[in-house]
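Visitor: Here is a sequence with its predicted model. Questions after.
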Amino acid sequence: AVSSGHVAIDTETDGLDAVSCRLVGVSLATRPGHACYIPLAHGIGEGLALADDVPQQLAEADVLARLKPLLQDASIMKILQNAKFDLQVLTQRKIDVYPVEDTMLMSYALAAGQRGHGMDELSELYLGHKPISIKELLGTGKSQITFDQVPLEKATPYAAEDADITFRLWQMMRPELVKDGVVSVYQTTEKPLVPVIVDMEKNGISVDRNVLSRLSGEFAQKMAAMEEGIYKLAGETFNIASPKQLGDILFDKMGLPGGKKTKTGAWGTGADVLEGLAAEGHDLAAQVLEWRGLAKLKSTYTDALPEFINPDTGRIHTSYSLASTTTGRLASSDPNLQNIPIRTEDGRRIRTAFVAEKGNLLVSADYSQIELRLLAHIADIDSLRQAFADGQDIHAMTASEMFGVPLADMTAETRRRAKAINFGIIYGISAFGLANQLGISRGEASAYIKAYFEKFPGIKDYMEAVKQEAHAQGYVSTLFGQRIYLREIDSKIPARRAFAERAAINAPIQGTAADIIRRAMIAMPTVLKKKSPKSRMLLQVHDELIFEAPESETDKLMQHVREVMQNACAPRLSLSVPLVVEAQAAKNWDEAH
């Protein structure tokens with residue numbers, strides 16, 4: 001490794017929680033076909049094997065002491081697949097691995113939206129080789145074992161192969177990055193984000209169990225009260241959570257219109273069906289929708305979140321995936337903190353449980369209407385650009401342009417309609433979708449969309465140009481050069497093709513917004529270290545970043561965070577609209593947002 005200047009590395013652990021797992025072994029490869037596995041903890045766990053059966057292995061402390069200089073040597077490139085996990089495992093053991101290449105993110109820079117980026121898929125694609133399956137070693141279901149229980153003679157070829165494949169993939173993808181012109185994307189918005197995410201996941205966020213418990217009780221009471229009203233409207237008691245029973249009540253017993261049967265022969269009672277009925281004034285459907293919303297909040301958040309609180313830190317440590325969305329947005333899981341509903345008052349109350357520790361405050365910094373700003377820039381819409389430059393209320397301005405209503409006479413309802421159209425257009429909304437959202441007829445919604453395009457013809461031109469580009473190339477690009485592939489863009493099935501075209505319209509906008517916040521996150525640690533060393537970046541929720549800082553530092557922190565986020569495009573890109581970041585500090589996430 002020292003002479004060649006590079007080494008592929010893979011860690012094997014007894015679980016997927018990088019914070020609490022045991023390190024079972026480390027594999028290394030310095031050139032194709034030359035890999036080794038260093039076992040550390042096979043058969044050592046409680047009740048795994050008799051002492052005589054445990055193979056002789058080197059001590060973890062000794063092995064890591066020998067590997068540490070190599071892993072921290074700036075002149076030796078460390079090559080990993082999904083580097084985030086291995087970096088977390090090694091960071092826990094006081095080893096800061098640097099510099100790093102990540103074959104998963106190389107693949108993502110090359111082919112976001114086109115394929116998966118897992119090692120097995122990449123191995124078959126690039127090497128024509130199907131790797132040893134982890135399921136073969138561990139099994140599945142109740143009989144599944146952990147890697148420390150795998151016999152050494154089976155573990156060694158599996159682990160060594162991982163390092164070998166990682167090395168070979170790196171060799172093959174490097175020239176591809178150059179050929180496709182995406183080296184800069186990988187080097188500036190993909191790879192440098194890994195250590196930032198490692199730190200954020202390690203930081204976690206504090207959660208107040210008492211708040212969750214109280215909310216759970218309140219939601220249960222509220223649901224029970226609603227159930228009485230639902231039974232009254234239905235004329236009988238039934239299991240509200242059963243789609244079949246609900247369908248029978250709505251369409252067989254009450255004879256409501258618009259019912260459609262699914263393949264199983266039961267009535268469909270999805271959200272779209274109930275929303276349609278509610279819009280037509282059917283109270284039962286509206287009540288069930290509200291009940292379902294509460295049931296979801298209770299089961300997914302107030303009852304489930306306490307299970308995710310780490311007993312050692314007392315905090316929740318979500319896991320971010322850097323390569324699972326097509327547009328570059330991060331995805332959050334275990335638990336998913338990006339999906340907490342904020343449109344309802346009850347949904348927002350969930351965020352009150354996310355709190356700062358004593359003496360600290362949470363700071364939320366959020367890009368204001370970033371996708372609309374990017375639409376104004378990318379589609380080159382003068383009136384929208386001017387409105388943003390003047391700091392106008394963009395939805396009121398749109399309503400005024402479309403409906404001919406002076407700003408002084410603007411009603412909240414007129415503005416709400418313009419807002420729905422503004423955001424809907426970015427996602428290629430149909431007249432049907434807009435009609436449902438606003439509770440208006442499809443004809444009226446169609447007229448609104450037509451009026452919008454007449455007032456802002458550049459947007460229609462942009463949409464057509466992007467669709468043509470997507471059909472010609474199979475992909476669209478963000479302003480920073482990230483390619484977003486659209487697999488169904490030439491599908492023979494009209495519905496799939498239309499879906500891909502709508503995705504193509506939105507992808508450069510959402511993808512550029514994702515690039516911008518990634519760039520801000522990458523720049524943030526250097527600024528925090530220098531200007532606000534006691535501050536920590538905790539979470540990213542699409543266009544929002546959450547920090548925690550001592551109360552005395554939050555004003556200063558907000559100023560620095562705004563500067564970094566608002567200037568994240570520089571020096572690579574100059575936008576024709578200003579980026580605006582709104583920041584607030586408070587004791588809990590809801591109040592800070």
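Guide: The structure has been received and is ready for your questions. Residues are numbered from 1 along each chain as shown.

Visitor: Between the two ends of stretch 322-331, how far is it?
Guide: 7 Å (Cα to Cα, to the nearest Å).

Visitor: And for it, what's in contact with it?
Guide: With contact meaning Cβ atoms under 8 Å, 6 or more residues apart in numbering, stretch 322-331 is reached by 84, 104-105, 107-108, 112-113, 117, 189-190, 193-194, 197, 320-321, 338, 478, 482, 484-485, 503, 506-507, 510-511, 514-515, 518, 540, 542. C-beta here means a position set from N, CA and C on the backbone, and glycine is covered the same way.

Visitor: try 6 Å this time
Guide: 104, 108, 112-113, 117, 320-321, 482, 484, 507, 510-511, 514-515, 540 (Cβ atoms under 6 Å, 6 or more residues apart in numbering).

Visitor: And for stretch 21-35?
Guide: Residues outside stretch 21-35 that contact it (Cβ under 6 Å, 6+ apart) are 1, 4, 7-15, 36-41, 60, 147-148, 159-160, 162-164, 167-168.

Visitor: which of those residues are buried?
Guide: By neighbour count, with 16 or more other Cβ atoms under 10 Å, the contacts of stretch 21-35 hold 1, 7-14, 37-41, 60, 147-148, 159-160, 162-164, 167-168 as buried.

Visitor: which ones among those are found in helices?
Guide: Using DSSP state H, the members of the buried ones among the contacts of stretch 21-35 that fall in helices are 60, 159-160, 162-164, 167-168.

Visitor: returning to what we had before: select from the contacts of stretch 21-35 every entry located in strands.
Guide: Among the contacts of stretch 21-35, the ones falling in strands (DSSP state E) are 7-13, 36-39.

Visitor: residue contacts, Val527?
Guide: By Cβ under 6 Å, 6+ apart, the contact set of Val527 is 560, 564.

Visitor: Confirm it sits in a helix?
Guide: Yes: assignment of Val527 by DSSP: H, G, I helix; E, B strand; the rest coil places it within a helix.

Visitor: Past the helix or strand encompassing Trp170, which element shows up next along the chain?
Guide: Using DSSP states H and E, Trp170 maps to helix 152-179. Downstream of helix 152-179, the first helix or strand assigned by DSSP H and E is helix 183-185.

Visitor: returning to that earlier point: can you put the ones in helices among the buried ones among the contacts of stretch 21-35 in a markdown table and add pLDDT and distance to Val26?
Guide: As requested, these are exported to a markdown table (pLDDT from 0 to 100; distance: Cβ to Cβ, whole Å):
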| residue | pLDDT | distance to Val26 |
| --- | --- | --- |
| Glu60 | 94 | 9 |
| Ala159 | 97 | 8 |
| Ala160 | 98 | 11 |
| Asp162 | 97 | 11 |
| Ala163 | 98 | 9 |
| Asp164 | 98 | 14 |
| Phe167 | 98 | 14 |
| Arg168 | 98 | 19 |
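
Visitor: domains for this structure, by residue range?
Guide: Using automatic domain parsing, the domain parsing of the chain gives 6-191, 207-316, 320-369+514-592, 371-512.

Visitor: Output the ones you listed in CSV, with distance to Glu201 appended to each entry.
Guide: Shown next, in CSV, are the domains of the chain (distance: least, Cβ to Cβ, whole Å):
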stretch, distance to Glu201
domain 6-191, 7
domain 207-316, 10
domain 320-369+514-592, 7
domain 371-512, 23
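
Visitor: quick one: Gly265 from Gln187, how far?
Guide: 55 Å (Cβ to Cβ, to the nearest Å).

Visitor: In terms of neighbours, single out the busier of these two.
Guide: Gln187 (12 against 7; other Cβ atoms under 10 Å).

Visitor: Can you pull out the low-pLDDT segments for the protein?
Guide: 1-2, 44-54 (pLDDT under 70).

Visitor: which SSE is the nearest residue to His282 once chain neighbours are set aside in?
Guide: Spatial nearest neighbour of His282, excluding adjacent residues (Cβ to Cβ, 6 or more residues apart in numbering): Leu256 at 6.0 Å. Leu256 is part of no helix or strand when elements are defined by DSSP H and E.

Visitor: same thing with Lys460?
Guide: Short version, using DSSP H and E: Lys460 is in helix 457-473.

Visitor: Just the ones in helices from the contacts of stretch 322-331, please.
Guide: Using DSSP H, the contacts of stretch 322-331 in helices are 104, 108, 507, 510-511, 514-515.

Visitor: Number of residues surrounding the residue nearest to His282?
Guide: Neighbours of Leu256 (other Cβ under 10 Å): 18.

Visitor: same question, Lys68
Guide: Residues near Lys68, counting by other Cβ under 10 Å: 16.

Visitor: list the contacts for it?
Guide: For Lys68, counting by Cβ under 6 Å, 6+ apart, the contacting residues are Ile95.

Visitor: Can you give me the buried ones in stretch 250-259?
Guide: Buried positions in stretch 250-259, judged by neighbour count with 16+ other Cβ under 10 Å: 250-251, 254, 256, 259.

Visitor: ok, back up a step: got the buried residues for the helix holding Lys460?
Guide: For helix 457-473, using 16+ other Cβ under 10 Å, the buried residues are 458-459, 462-463, 466-467, 470.

Visitor: picking up where we left off before, would you mind putting the ones in helices among the buried ones among the contacts of stretch 21-35 into JSON lines with distance to Lys68 alongside?
Guide: Output for these, formatted as JSON lines (distance: Cβ to Cβ, whole Å):
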{"residue": "Glu60", "distance to Lys68": "12"}
{"residue": "Ala159", "distance to Lys68": "20"}
{"residue": "Ala160", "distance to Lys68": "21"}
{"residue": "Asp162", "distance to Lys68": "21"}
{"residue": "Ala163", "distance to Lys68": "18"}
{"residue": "Asp164", "distance to Lys68": "23"}
{"residue": "Phe167", "distance to Lys68": "21"}
{"residue": "Arg168", "distance to Lys68": "26"}
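
Visitor: tell me which of these is nearest to Asn436?
Guide: Within these, the smallest distance to Asn436 is 48.1 Å, found for Asp162 (Cβ to Cβ).

Visitor: My read is that the closest one contacts Asp10, right?
Guide: Yes: using Cβ atoms under 6 Å, Asp162 is in contact with Asp10, at 4.3 Å.

Visitor: returning to that earlier point: which one of the ones in helices among the buried ones among the contacts of stretch 21-35 sits closest to Ala286?
Guide: Closest to Ala286 out of these is Asp162 (53.1 Å), distances taken as Cβ to Cβ.

Visitor: Now for the closest one: which residues touch it?
Guide: By Cβ under 6 Å, 6+ apart, the neighbours of Asp162 are 10, 27.

Visitor: What of the one 4 residues further on?
Guide: Going by Cβ under 6 Å, 6+ apart, Thr166 touches 8, 79, 81, 103.

Visitor: do you know how far the first one is from Asp461?
Guide: The reference is to Ala8. In terms of Cβ to Cβ, Ala8 sits 48 Å off from Asp461.

Visitor: Given the strand or helix carrying Ser206, what are its sheet partners and their directions?
Guide: Using DSSP H and E, Ser206 sits in strand 205-207. Neighbouring strands of strand 205-207 in its sheet, by DSSP bridges, are strand 315-316 (antiparallel), strand 354-355 (antiparallel).

Visitor: Go ahead and name everything in contact with it.
Guide: Contacts for strand 205-207 (Cβ under 6 Å, 6+ apart): 309, 315-316, 353-355, 357, 538.

Visitor: Stretch 250-266 too?
Guide: 244, 247, 267-268, 276, 282.

Visitor: Now with 8 Å, please.
Guide: Applying Cβ under 8 Å, 6+ apart, the contact partners of stretch 250-266 are 234-235, 243-244, 247, 267-269, 273, 276-277, 280, 282, 284-285.

Visitor: of those, closest to Ile421?
Guide: For the contacts of stretch 250-266, the nearest to Ile421 is Gly276 (20.0 Å; Cβ to Cβ).
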